[in-house]
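Colleague: Following is a predicted model, sequence given first.
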Amino acid sequence: QVQLVESGGRLVQAGGSLRLSCAASGRTFSSYTMGWLRQGPGKEREFVAAITWSGGITYYADSVKGRFTVSRVNAKNTVYLQMNSLKPEDTAVYYCAANPIGDPKSREYNYWGQGTQVTVSS
């Protein structure tokens, strides 16, 4: 079992940057692949990025590749999402998730945080 709490979401202008954090509790955090997903207004939840337990492999949606970077510090039980060159279409609630069911680029994860709102103004 793992509990996830996201932070760092806020209003930012287009072209700006944000770093989201996800703090996890539970002894099994370091063994899980972790993901970031988002749900924009009127849209379905979509995959954004994921990172394997060791940090050795990362995955990105095409829409964020080159702009977003996922990382983790297992000693701090924390995973990060650095978001640069933000666009209005990045506006969404961003969710941290753990332990994907199958493909890390899917939307199916076993554990979810409550989400943090990111709003990008034009």
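Modeller: Cool, got the structure.
Colleague: does the residue positioned nearest the centre of the chain have beta-bridge partners, and which?
Modeller: The residue lying closest to the centre of the chain (CA atoms, centre = their mean) is Trp36, at 2.3 Å. Counting by DSSP bridges, Trp36 is bridged to Ala49, Cys96.
Colleague: going forward can the numbers begin at 270, since that is how I track them
Modeller: Noted, 270 is the first residue going forward, which turns the last one into Trp305.
Colleague: Report the separation between it and Gly324.
Modeller: The span separating Trp305 from Gly324 equals 14 Å under the rule CB to CB, to the nearest Å. In this view, the C-beta of every residue, glycine as well, is placed from N, C-alpha and C.
Colleague: now Ala293
Modeller: Counting by CB to CB, the gap from Ala293 to Gly324 is 14 Å.
Colleague: For this protein, which residues score under the pLDDT cut-off?
Modeller: By pLDDT under 70, the chain has no low-scoring segment.
Colleague: okay, now Phe337: neighbour count?
Modeller: Neighbours of Phe337 under the rule other CB atoms under 10 Å: 22.
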